[in-house]
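Q: Sequence below, structure please.
(2 chains)
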Amino acid sequence: MSVLSVKNITIQFGGLTAVDKFNLNLESHELVGLIGPNGAGKTTIFNMLTGVYVPTSGDIILNGESIIKKSTHDIVKLGAARTFQNIRLFKDLTAIENVKIAYHNFIDYNLIQGMFRTKKFWTEEKKAQDECLKLLEIFNMGGYANTLAKNLPYGQQRRLEIARALASEPKVLMLDEPAAGMNPNETAELMETIHFIREKFDITILLIEHDMKLVMGICERIVVVDYGKTIAEGTPDEIKNNPEVIRAYLGD
Amino acid sequence: MDKNKRRAYMINTIAIITLYLAFFILIQTKTMNKYFIGIAILTCIMIIMAMSLNIVAGFLGEMALGHAGFMAIGAYSSASFSIALFNSGIILPDLVVLILAMIVGGTMAGIFGILIGTPTLRLRGDYLGIVTIGFSEIIRIFFINFQPTGGAAGLKGITRLVNFNNVYWITIVIAILIFTFGRSKQGRAIISIREDEIASESAGVPTTRYKVLAFSLAAFFAGLGGALYAHYIAFLEPSKFNFMFSIEMFVIVVLGGLGSLTGSIISAIVLTILPEMLRGFAQYRLLVYSLVLIIMMIFRPQGIFGRTEFSLTGAIDILILRKNTKKSVGGGKS
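A: This is a model prediction of the structure:
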C-alpha cells in the first residue's frame, strides 16, 4: 500500500522552476533516499511535502488524502513529520519539553482544566511525561531529559530532533540531512538508529543526504534529482553506475 | 504529586498567608495609612497587568505595546456594568458585584483581544508593536468621544468596591492561574512558538490559533486588572490609558525578565513604589527612574530573573539549609 504518493508536482518562484514534475511513490515501511547536487531542489520538495510551500501544480496524497493547501500542523496530524537541515530545536527548553510539544496532540485537556489543574490535567501530564521519557530512552537520552536543548552535544541534538519528530506518531518520517556535520562514528551510529526506528515504529522513511556512505548503506531505493527533475531512480547499485548521475555530480 | 512539589506548595502557601497577615496587622494598627494602602492596591493591579502582558511579551515573545487599551476596555465595560447594576436596584454583596464586573470586563477585553489579534498576529516584531500601539490609541480616542461613558470628561459615579483585602486575594488567584497556564500544554505550545515558530508548526502545533489564544488571554487578564482599577479609583478618564501607560507596563515586564512571572511581580512592586518614594524630590523623579532603567540594562540586560522563575523553596534551600540544590524552575510564588 502506498503511504505517500506525489504526482507531478511543480513549483515556480517567479520565473524559476525549482521543481519540475516530480513524482514519488513511497510504499509502507520503505526507506528511500533523495539525493542530488546542491541546489537541485531537494529541500524544496520536502517543504512542499510538509506544507511549507504550496506547489504550483500537481498533487500530494498522504494516506489517501490530498494534502495540497493543508497547513503544516494538519499534515503533521495526518502522519508526516520532519527534521531540519539546520537543527531547529526549542533551545531554551529541556529535552523532554521538546518532545512533549510534539506530543501535544495526544494530551487531552482544555485550557480551563489546565489552569485549574484538575485531576485530568495531572493524569494527562503524567501520561505525557512517561511516554516522552520512554521515547527519549529509546534514543539513549533518558539521562538528558532535563538538560536544556542548547546544552546538548551536537549528535544528541540531532537525535533529539528525530525523537521529537517521532513523538507526533508519524507514518512517514522525513529526515533532511540527518548526518550533516557528523563525524564517521556518529554517522555509523545514526545509520543504526535509522534502521532501528524503522523496525521499532514501523514507519516509512524518506531522507535527504549528501553522505553517500550513509545513503548507499541503508536506502533500499534512491531517487536522484537535478535542476528540479528526477534524473534517475533505483537501487543503490543501479544508481552508482548510472551515467546520468555521474554526469550530474561530476560534470561531463 | 511528589514530596518536593507538596513541600513547595506548603512553603508558598505559608508565604502568601504570612505576607497577608503582615499587611493585615499593619493596616489594623494604623501603621499603614490610607496613602500606603492605596499604593499597595495599585501595586497589586500593576502586578496583574505586568503578568498578563508577560503572556504575550514573555511566553509568546511578541512585542505588544497596546496593553493599556485592553485595560481601558476592561475598566470601562466593568464600570458601566456595575453602575447599571446599582441603578437597577438589585442588591448584591459587594464582592459578588466586583467579581461579576470583573468577568464582564475580562470577557469584553478578551473578545477585543481575539478581534484585534486575529488580523494583527500575522505581523511580527516591530510591525506588531506599531499596530498594537495604533489599536490602543483607537480605543482611547473612542472613549474620549463616546458620550455614554462620559467622553473626555471621564466616567463618574463608580462605586468603590476594591479594598486591600479583596485585591490581595484576587491578585494571588490570578497570579496562580497565569503560572499554571504557563506550565500547561497550551502554555508550552505558546513558548515553543517563541523558541522557533517553524519547528513548532512542524511539531504539529497550530501556531496561529495559539498566538490568538495567548493574545486574547493576555487581554482577558488585562481586562480583569482594568476592572479592579476602575472599582478602586472610582473615576475613569481616557487620558490615563495612553501610550505611555502601555510603555510603563512593557518596561516592568522587560525589567523583570521576559518570560519570568516572578520577575514581573517583583519589578511591578519596585517600579510602582519607586516613583512614589521619589515624590519628595519631584524634579529628580524621572531622572532617578530612568537612571535605574539604564543601570539595569547595562548590568542585567535579560532582566532581573531572565527567563527563570524565582523559587521560594530553592531560595530557602540555598540560604538556610546550604544545600547545593540547583535553582529549580517552577513552583515559586512570592
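
Q: Help me confirm that A:Leu26 is found in a strand?
A: Yes: membership of A:Leu26 in a strand is supported by DSSP: H, G, I helix; E, B strand; the rest coil.

Q: Can you name the residue of chain B nearest to chain A?
A: In chain B, no residue comes nearer to chain A than B:Ser184, which is 3.1 Å away by C-beta to the nearest C-beta. From N, CA and C alone the C-beta is placed, and that goes for glycine too.

Q: where's the residue of chain A found nearest chain B, which helix or strand?
A: Among residues of chain A, the one nearest chain B by C-beta to the nearest C-beta turns out to be A:Gly114. It sits 3.1 Å away. Here A:Gly114, judged by DSSP states H and E, is contained in helix A:111-116.

Q: and the nearest residue to A:Gly33 once chain neighbours are set aside, what is it in contact with?
A: Beyond its immediate neighbours in the sequence, the residue positioned closest to A:Gly33 (C-beta to C-beta, 6 or more residues apart in numbering or on different chains) is A:Cys219, lying 3.6 Å away. The contact partners of A:Cys219, by C-beta atoms under 8 Å, 6 or more residues apart in numbering or on different chains, come to A:Leu31, A:Val32, A:Gly33, A:Leu207, A:Pro236.

Q: hmm, try it at 10 Å
A: Taking C-beta atoms under 10 Å, 6 or more residues apart in numbering or on different chains as the contact definition, A:Cys219 lies against A:30-35, A:194, A:205-207, A:209, A:235-236, A:239.

Q: Just the buried ones from those?
A: Buried positions within the contacts of A:Cys219, assessed by neighbour count (16 or more other C-beta atoms under 10 Å in any protein chain shown), are A:30-35, A:194, A:205-207, A:209, A:236, A:239.

Q: Test my guess that B:Leu236 contacts B:Ile73.
A: No: using C-beta atoms under 10 Å, B:Leu236 and B:Ile73 do not qualify as a contacting pair, with a distance of 11.3 Å.

Q: need the residues of the stretch 101-250 of chain A near chain B, please.
A: A:101-117, A:121-122, A:124-125, A:128, A:146, A:149-150, A:161, A:164-165, A:167-170, A:174 (C-beta under 10 Å from any C-beta of the partner chain).

Q: Mark which of these are part of strands, please.
A: Assignment to strands by DSSP state E places the following of these there: A:Met174.

Q: Now, of the residues of the stretch 101-250 of chain A next to chain B, which are buried?
A: Under a neighbour-count criterion of 16+ other C-beta under 10 Å, the subset of these counted as buried comprises A:101-107, A:109, A:113-115, A:117, A:121, A:124-125, A:128, A:149, A:161, A:164-165, A:167-170, A:174.

Q: what's the helix or strand for the residue most central in space within chain B?
A: Here the mean C-alpha position of chain B is nearest to the C-alpha of B:Met49 (C-alpha atoms, centre = their mean), at a distance of 2.0 Å. B:Met49 belongs to helix B:34-54 when assigned by DSSP H and E.

Q: Can you tell me which helices and strands the next helix or strand after that helix packs against?
A: Toward the C-terminus, helix B:34-54 is succeeded by helix B:67-87 as the next helix or strand (DSSP H and E). In this structure, helix B:67-87 packs against helix B:34-54, helix B:94-120, helix B:125-145, helix B:207-233, helix B:243-256, with contacts taken as 3 or more C-beta pairs under 10 Å, 6 or more residues apart in numbering or on different chains; DSSP states H and E.

Q: Show me what from the stretch 151-300 of chain B comes close to chain A.
A: Contact residues (C-beta under 10 Å from any C-beta) of the stretch 151-300 of chain B with chain A: B:176-189, B:191-210, B:213, B:217, B:259.

Q: hmm, try it at 7 Å
A: B:177, B:180-181, B:184-186, B:188-189, B:191-192, B:195-196, B:198-206 (C-beta under 7 Å from any C-beta of the partner chain).

Q: Among these, which lie within helices?
A: Secondary structure of these is defined by DSSP state H; positions in helices are B:177, B:180-181, B:185-186, B:188-189, B:191-192, B:195, B:198-202.

Q: one step back: pick out whichever of B:Leu236 and B:Ile73 has more residues nearby.
A: A count of neighbours by other C-beta atoms under 10 Å in any protein chain shown puts B:Ile73 above the other of B:Leu236 and B:Ile73, at 28 against 23.

Q: quick one: contacts for the more buried one?
A: With contacts taken as C-beta atoms under 7 Å, 6 or more residues apart in numbering or on different chains, B:Ile73 has the following neighbours: B:Met108, B:Ala109, B:Phe112, B:Ile139, B:Gly223, B:Gly226.

Q: How are the helices of the stretch 51-200 of chain A distributed by residue range?
A: Per DSSP state H, counting those that start in this stretch, the stretch 51-200 of chain A has helices spanning A:72-78, A:95-103, A:111-116, A:119-138, A:154-167, A:184-201. These are given in chain order.

Q: could I get the ones you listed as a markdown table with distance to B:Met102 and mean pLDDT?
A: Putting those into a markdown table (distance: least, C-beta to C-beta, whole Å; pLDDT from 0 to 100) gives the following:
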| stretch | distance to B:Met102 | mean pLDDT |
| --- | --- | --- |
| helix A:72-78 | 34 | 93 |
| helix A:95-103 | 32 | 95 |
| helix A:111-116 | 16 | 92 |
| helix A:119-138 | 24 | 94 |
| helix A:154-167 | 39 | 92 |
| helix A:184-201 | 49 | 89 |
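
Q: Burial-wise, tell me which of those helices comes out on top.
A: Comparing the helices of the stretch 51-200 of chain A by mean neighbour count (mean count of other C-beta atoms under 10 Å in any protein chain shown), helix A:95-103 ranks first with a mean of 27.

Q: For the closest residue in space to B:Arg307 that isn't next to it in sequence, list the residues it contacts.
A: Closest residue to B:Arg307 in three dimensions, ignoring its sequence neighbours and counting by C-beta to C-beta, 6+ apart: B:Gly259, at 4.3 Å. Residues near B:Gly259 by C-beta under 7 Å, 6+ apart: B:Asn54, B:Gly58, B:Phe59, B:Arg307.

Q: cool, A:Thr94 as well?
A: Contacts for A:Thr94 (C-beta under 7 Å, 6+ apart) come out as A:Ala145, A:Asn146, A:Thr147, A:Leu148.

Q: Of those, select the buried ones using a PyMOL command.
A: Applying 16+ other C-beta under 10 Å to the contacts of A:Thr94 leaves a buried subset, and the PyMOL line that selects it is:
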select buried, chain A and resi 145+147+148
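
Q: Return the closest of the contacts of A:Thr94 with respect to B:Phe281.
A: Checking those against B:Phe281 with C-beta to C-beta, the nearest one is A:Leu148 at 44.9 Å.

Q: where does the stretch 101-250 of chain B dip in pLDDT?
A: Using pLDDT under 70 as the threshold, the predicted model of the stretch 101-250 of chain B has no low-confidence range.
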